[in-house]
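Student: Fold the following.
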Amino acid sequence: MADLLYSPGTLLCTCSCPESPRRILWLPYDQMASALLLLLLLSLASALSFSHQRGLIFNLDNGELCLQSAQCKSSCCHKTGVLSLARCANRAAENQECSPKSIYGVYYKCPCENGLTCEADKSIVGSITNTNYGICQDPGSSSK
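Tutor: Numbers count the residues shown, from 1 in each chain. Have a look, this model is predicted:
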């Protein structure tokens, strides 16, 4: 059975076990803080080592059900219709339809891949109904 006693600047832990004599362990606060920091860093390192694996809530692969784009590896939680379930999908490639905005983190058309821009006509009605779809274009190309 272990008893913890408080003393200014230290923590006293006494252990009385039938098979061993009574032991006293003094831990100064600076050593205790160092030990806790080490434990925290080891826990963080362990958690980060498993971050590359597929998760249940985040880091989802394409085709898996999602609630927001932040959950997907591709950063696109795509919904095909009003009553359909949203699933992670690839981002739009060059000359594919895209949507510059999402509704609560879910897209009806995925945003463009990195380096491309979504050239869309912006109208008030389209902004309200989220139908301001466009086409992914390379900003460096002179297709205009």
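Student: Let me see the contact set for the residue nearest the centre of the chain.
Tutor: In the chain, the centroid-proximal residue (Cα atoms, centre = their mean) is residue 58; its distance is 5.5 Å. Taking Cβ atoms under 8 Å, 6 or more residues apart in numbering, we find residue 58 in contact with 70-71. Backbone N, C-alpha and C define where each C-beta goes, glycine included.
Student: what helix or strand is it on?
Tutor: Secondary structure assignment for residue 58, by DSSP states H and E: no helix or strand.
Student: How is residue 40 classified with respect to secondary structure?
Tutor: helix (DSSP: H, G, I helix; E, B strand; the rest coil).
Student: what about this protein, any weak spots by pLDDT?
Tutor: 1-27, 44-55, 142-144 (pLDDT under 70).
Student: Where do the domain boundaries of it fall?
Tutor: 2-49, 53-144 (automatic domain parsing).
Student: Work out the gap between the last one and the centre of the chain.
Tutor: Looking back up the chat, that one is domain 53-144. 18 Å (Cα atoms, centre = their mean, to the nearest Å).
Student: Which residue ranges of this protein form strands?
Tutor: In the chain, the strands defined using DSSP state E lie at 2-7, 10-17, 20-28, 77-78, 87-88, 97-98, 117-120, 134-137.
Student: Give the other helices and strands that the fifth one contacts.
Tutor: Identification of packing neighbours for strand 87-88 by 3 or more Cβ pairs under 8 Å, 6 or more residues apart in numbering; DSSP states H and E yields strand 77-78.
Student: residues making contact with the strand it packs on?
Tutor: 66-69, 71, 86-89, 102, 105-110.
Student: same thing but 10 Å
Tutor: 60, 62, 64-72, 84, 86-92, 99, 102, 104-110 (Cβ atoms under 10 Å, 6 or more residues apart in numbering).
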